[in-house]
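S.K.: Got a predicted model here, sequence first, then my questions.
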Amino acid sequence: MGAVTKAVEPAQKQVPRRQFLGWLSGIGVFGSALAGVFSTYVFMRPRATYGQPNRFRIGKPEEFPAGSRIAIDSKRVCIVREGDKVAAISTTCTHLGCIIAPSATGFQCPCHGSQFDIDGNVTGGPAPKPLAWFQVSLTPSGELEVDKDNEIQMGTYLNV
């Protein structure tokens with residue numbers, strides 16, 4: 001019979017198992033180190049959370065008719081207009097911080113039953129102190145501006 005010639009195929013290079021596991025371990029260690037550096041950066045970066053500004057404009061004095069009490073729930077303040085005088089009273093209950101609502105006799109907390117008169121004095125319930133009054137000023141553009149960082153004495157109005 002004749003000579004059988006075999007076609008020699010080029011040998012495929014196989015990665016030894018030990019080398020493959022070493023390579024896989026290296027990727028794991030590198031990935032862990034990268035994740036550690038990233039998480040440390042995220043953790044150490046300051047997280048400043050800024051709330052709503054405590055000084056805000058509420059509109060022109062004409063928007064608040066004489067004898068009105070208009071609650072602005074998003075700002076937690078009630079604008080009181082008596083004649084030519086304007087005041088801003090807090091609508092945050094001094095008991096546990098619930099949003100209170102104007103009522104016929106003043107203000108009332110729907111959560112725990114605290115009651116306040118029209119000036120914010122406690123008349124009933126668990127509230128320990130009266131509602132805060134905030135400074136109201138008139139801007140050069142003629143708008144009213146409330147400054148919740150500046151508490152004023154109860155009964156202090158702005159003449160407009």
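M.R.: Cool, the structure landed.
S.K.: ok, the longest strand belonging to the chain: who's next to it in the sheet?
M.R.: The longest strand of the chain (DSSP state E) is strand 144-152. Its sheet considered, strand 144-152 pairs with strand 55-59 (antiparallel), strand 133-138 (antiparallel) by DSSP bridges.
S.K.: Tell me the helices and strands packed up against the very next helix or strand once past that strand.
M.R.: On the C-terminal side of strand 144-152, the closest following helix or strand by DSSP states H and E is strand 158-159. Packing partners of strand 158-159 (3 or more CB pairs under 8 Å, 6 or more residues apart in numbering; DSSP states H and E): strand 85-90, strand 133-138. C-beta coordinates here come from the backbone N, C-alpha and C atoms, glycine included.
S.K.: Of all these, which one comes closest to Val146?
M.R.: strand 85-90 (4.5 Å; CB to CB).
S.K.: in this structure, which ranges drop under the pLDDT threshold?
M.R.: 1-11, 48-53 (pLDDT under 70).
S.K.: just to revisit the earlier point, okay, the helices and strands packed on strand 158-159, which one's buried deepest?
M.R.: Sort these by mean neighbour count, taking mean count of other CB atoms under 10 Å, and strand 85-90 sits at the top with a mean of 22.
S.K.: That strand pairs with which strands, parallel or anti?
M.R.: Strand 85-90 is paired, per DSSP bridges, with strand 77-82 (antiparallel), strand 133-138 (antiparallel), strand 158-159 (antiparallel).
S.K.: Show residues contacting it.
M.R.: 58, 61, 64, 76-80, 107, 119-120, 131-136, 144, 146, 148, 156-160 (CB atoms under 8 Å, 6 or more residues apart in numbering).
S.K.: What is the helix or strand where Leu24 lies packed up against?
M.R.: Assessed by DSSP H and E, Leu24 sits inside helix 17-44. Applying 3+ CB pairs under 8 Å, 6+ apart, we find helix 17-44 packed against no helix or strand.
S.K.: any idea how far that helix is from the chain center?
M.R.: 37 Å (CA atoms, centre = their mean, to the nearest Å).
S.K.: circling back: are any of the contacts of strand 85-90 buried, and if so which?
M.R.: Neighbour-count burial (16 or more other CB atoms under 10 Å) applied to these gives 58, 61, 64, 77-80, 107, 120, 131-136, 144, 146, 148, 157-158, 160.
S.K.: related to what we said a few turns ago, contacting residues around the longest strand of the chain?
M.R.: Contacts for strand 144-152 (CB under 8 Å, 6+ apart): 54-61, 64, 75, 77, 79, 86, 88, 90, 132-139, 158, 160.
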